[in-house]
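Undergrad: Just need the structure, nothing else, for what follows:
(chains A and B)
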Amino acid sequence: DGGITQSPKYLFRKEGQNVTLSCEQNLNHDAMYWYRQDPGQGLRLIYYSQIVNDFQKGDIAEGYSVSREKKESFPLTVTSAQKNPTAFYLCASSIPGTGGSGELFFGEGSRLTVL
Amino acid sequence: ILNVEQSPQSLHVQEGDSTNFTCSFPSSNFYALHWYRWETAKSPEALFVMTLNGDEKKKGRISATLNTKEGYSYLYIKGSQPEDSATYLCAPGRRSWGKLQFGAGTQVVVTP
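TA: Numbers count the residues shown, from 1 in each chain, chains lettered A, B, ... in the order given. Okay, here's the model as predicted:
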């Protein structure tokens, strides 16, 4: 079945460590996104990529990095520079639509806890 | 960053009752409005993508309306069922590709 796979589902990290969250899609979508969710807040955009080898910062990119070497994959690294990394992370993909009209398809998320 | 407000934050509905809730957003440079349903332990799923002022969409017992001039959208659930229990997210998009702004959601709990 086509979809988006995120791993791991749960991750614990010690302060000062970098961690990488995986996101793979087999929907043949050009665009991919990373969102962060905190309690009581809407999903906030971290990074997005419209095409392979290109990506742009979202609203809260500080302390995060991404790569887009393959169409299917958009891993997110949470670096030690991210001051408050404990959160729920969602990956999504879409067929690009002008002005944000492309419907998003989401993974099931990864919950990162910093100890 | 857009200021997107969803109200109420949560609501409890008896099975069989109808309900509705609101998404408010700045109307300038509007291009599209997305609604997603997010059930516990699952992925958010798209309900509607709306682009035109006055647009109305329907999927089963769920429908939505859009007013782009005043910057709001309503989502209606007719004859609520327990399977409608979820958080409903709205996300307007502006005239810049890929930039949806999500509201905090309305959590709906339908009790038998």
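Undergrad: B:Pro26 and B:Gly71 touch, don't they?
TA: Yes. Using C-beta atoms under 8 Å, B:Pro26 is in contact with B:Gly71, at 5.8 Å. C-beta: built from backbone N, CA, C; applies to glycine.
Undergrad: Specify which residue of the two has the higher count of neighbours.
TA: The neighbour count for B:Pro26 versus B:Gly71, taken as other C-beta atoms under 10 Å in any protein chain shown, is higher for B:Gly71 (20 against 13).
Undergrad: which residue packs closest to the more buried one, ignoring adjacent ones?
TA: B:Ser27 (3.7 Å; C-beta to C-beta, 6 or more residues apart in numbering or on different chains).
Undergrad: neighbours around that neighbour, how many?
TA: B:Ser27 has 14 neighbouring residues, counting by other C-beta under 10 Å.
Undergrad: Which secondary structure state does it sit in?
TA: coil (DSSP: H, G, I helix; E, B strand; the rest coil).
Undergrad: List the residues that contact it.
TA: Going by C-beta atoms under 8 Å, 6 or more residues apart in numbering or on different chains, B:Ser27 touches B:Thr68, B:Lys69, B:Glu70, B:Gly71.
Undergrad: Now flag whichever of those residues is closest to chain A.
TA: B:Thr68 (11.9 Å; C-beta to the nearest C-beta).
Undergrad: Which strand residues bridge the closest residue to chain A within chain B?
TA: Of all residues in chain B, B:Gly93 sits closest to chain A, at 2.2 Å by C-beta to the nearest C-beta. When bridges are called by DSSP bridges, B:Gly93 pairs up with B:Ala32, B:Leu100.
Undergrad: Check whether it really touches B:Pro26, as I assumed.
TA: No. In this structure B:Gly93 lies outside contact range of B:Pro26 using C-beta under 8 Å: 11.9 Å.
Undergrad: Tell me how many other residues surround residue 19.
TA: Going with chain A. There are 19 residues near A:Val19, going by other C-beta under 10 Å.
Undergrad: ah, no, chain B please
TA: Quick note: B:Thr19 (other C-beta under 10 Å) scores 19 neighbours.
Undergrad: Without its sequence neighbours, what residue ends up closest to it?
TA: Per C-beta to C-beta, 6+ apart, closest to B:Thr19 is B:Val13, 4.8 Å.
Undergrad: got the contact list for that neighbour?
TA: The neighbours of B:Val13, taking C-beta under 8 Å, 6+ apart as the test, are B:Thr19, B:Ile77, B:Ser80, B:Asp84, B:Val108, B:Val109, B:Val110, B:Thr111.
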